[in-house]
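> no letters, just coordinates:
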């Protein structure tokens, strides 16, 4: 009977202790066999980084037959977690990978830096329907109650309908008391600017802290994820792993030459 | 006079000491004012990771008026290097960012994990024409002589023609004595499999080393980067920072709902 149950693999980039991943786990209990395989501490901003120069380890933290829940902690990055779980720990391929709920937005260009989305993209590379969830509130004690409802809703939908090969979902949830609804969006054009705070260390030497401020380059684009979030909607951006720009590809054929 | 010279910003993920970045630097000397701002050691597989929980530092290593070359080392990731150079070190915006030459391939799905391409993508996010170069040979003493010619050729072309906003180039060079030519390609579908080597540490505890083998899911696709490389051509993949999948976006409009 166990074998017919869908297998749900959960990870994040804030570490297994974070409220966000605990909320995500609670939100999907009962939908299948749930395995949490998450970093043993914060790995924010790790993007799709992998650990190749040091070995990685994992340990079992909890196994509950009643909840059909197993929790592991891993020393690696979010992407390492997905790879190690699939290759070495799980006895079957997960039916879905869900990542988050991140403490902080991963909308617009943040998709590039996000460990939450790195793990989601990795699930997608393995041919598994994968969804990353993020709440636009960085604080450790953010309120995830609206996010939990949305995570369960979208997880159920993806489990029943699947996703095309090579595409995962980047879901962001606004930090509001009542989310208005779900909007399907594109990635907003924007970037982080004024990135550093200069400071000095104990010896008086100059150091730099990455900080920065997000600049939205198209605040009026009603089809963008930042717009949806600003209006109180959760944004769903279908996110692809083929980064080829086919438009430029068609234009620079003349660059081909023999040498 | 100095101000009219193009400013070329160079970084990599193997660290400033690597033969690959020294080769890239040599290949473009004379094309403008050259600034190398690179990690102070290996940062392979760092993707677009950023350093947010610890401060970063940099130091000047070399300044040559004769070569119009300045070299800095930085404690951060490849993306940190680009951000810090642009925001805090350079007095004007670079005209081009070039990254590499990586010791090892960044074709196909490797674009996701690559620190070389992380830096390239970051240059692109800043609106600067950006190119990542990689040689399909991991070894520290690989022969970069063909790569240098190609790097100079493509750098000159991009400096004169520019690139559209939001698109950078992922250039891979085959490890052959004579590269046949340049091919404009798309990213090959494929993934890394059999990823880990199990081992034990000094105390006999289980550890995992990331290793793996690349599986090409379309070895006969003549428009793919892996195919071009296998035929002895350097591959040029136009790579976009908008990861939205517009096809799926158009299909899942029915997922929108009020809550």
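Nice, I can see it. Predicted model only: the values in this text are computed from it and were never measured.

> going by C-alpha atoms from here, please, whenever you check contacts or count neighbours.
Will do.

> any stretches of chain A with poor pLDDT?
Across chain A, residues meeting the criterion (pLDDT under 70) sit at A:1-3.

> and the closest residue to residue A:95 other than its chain neighbours, how many residues sit next to it?
When the adjacent residues along the chain are set aside, residue A:95 lies closest to residue A:7, with 5.2 Å between them (Cα to Cα, 6 or more residues apart in numbering or on different chains). Look at residue A:7: counted by other Cα atoms under 10 Å in any protein chain shown, it has 20 neighbours.

> not counting its neighbours along the chain, what's nearest the residue of chain A most remote from its centre?
Here the centre of chain A is the reference, and by Cα atoms, centre = their mean the most remote residue is residue A:259, at 42.9 Å. Nearest non-adjacent residue to residue A:259, counting by Cα to Cα, 6+ apart: residue B:181, 4.6 Å away.

> which residue does the stretch 101-250 of chain A have closest to chain B?
residue A:181 (3.9 Å; Cα to the nearest Cα).

> for residue A:128, what are its contacts?
By Cα atoms under 8 Å, 6 or more residues apart in numbering or on different chains, residue A:128 lies in contact with A:94, A:95, A:96, A:97, A:165.

> what about 7 Å?
Neighbouring residues of residue A:128 by Cα atoms under 7 Å, 6 or more residues apart in numbering or on different chains: A:95, A:96, A:97.

> what does residue A:63 give?
A:69, A:70, A:71.

> before we move on, which element is it in?
Following DSSP states H and E, one finds residue A:63 within strand A:58-64.

> on that earlier part again, of the contacts of residue A:63, closest to chain B?
residue A:71 (18.0 Å).

> what bridges to the closest residue to that closest one other than its chain neighbours?
Take residue A:71 and drop its neighbours on the chain: the residue closest to it by Cα to Cα, 6+ apart is residue A:36, 4.6 Å away. Beta bridges link residue A:36 to residue A:10, residue A:71, judged by DSSP bridges.

> pretty sure residue A:36 sits against residue A:8.
No: with contact defined as Cα atoms under 7 Å, residue A:36 does not reach residue A:8; the gap is 8.3 Å.

> can you give me the strands for the stretch 51-200 of chain A?
Using DSSP state E, counting those that start in this stretch, the strands of the stretch 51-200 of chain A run over A:58-64, A:69-74, A:96-103, A:130-135, A:167-173, A:181-184, A:190-193, A:196-200.

> for those, which one sits closest to residue A:18?
strand A:96-103 (8.4 Å; Cα to Cα).

> up against chain B, what does the stretch 151-259 of chain A have?
Contact residues, the stretch 151-259 of chain A versus chain B (Cα under 7 Å from any Cα of the partner chain): A:167, A:179-187, A:191, A:194-195, A:207-210, A:237-240, A:242-245, A:248-249, A:253, A:256-259.

> pull the longest helix from chain A.
What stands out as the longest helix in chain A, according to DSSP state H, is helix A:145-161.

> list only those of the contacts of residue A:128 flagged as buried.
Neighbour counting with 16 or more other Cα atoms under 10 Å in any protein chain shown marks A:95, A:96, A:97 as buried within these.

> okay if I get those as CSV plus distance to residue A:146?
Shown next, in CSV, are the buried ones among the contacts of residue A:128 (distance: Cα to Cα, whole Å):
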residue, distance to residue A:146
A:95, 24
A:96, 21
A:97, 20
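
> which member of those is positioned nearest chain B?
When these are compared for distance to chain B (Cα to the nearest Cα), residue A:97 comes out closest, at 16.9 Å.
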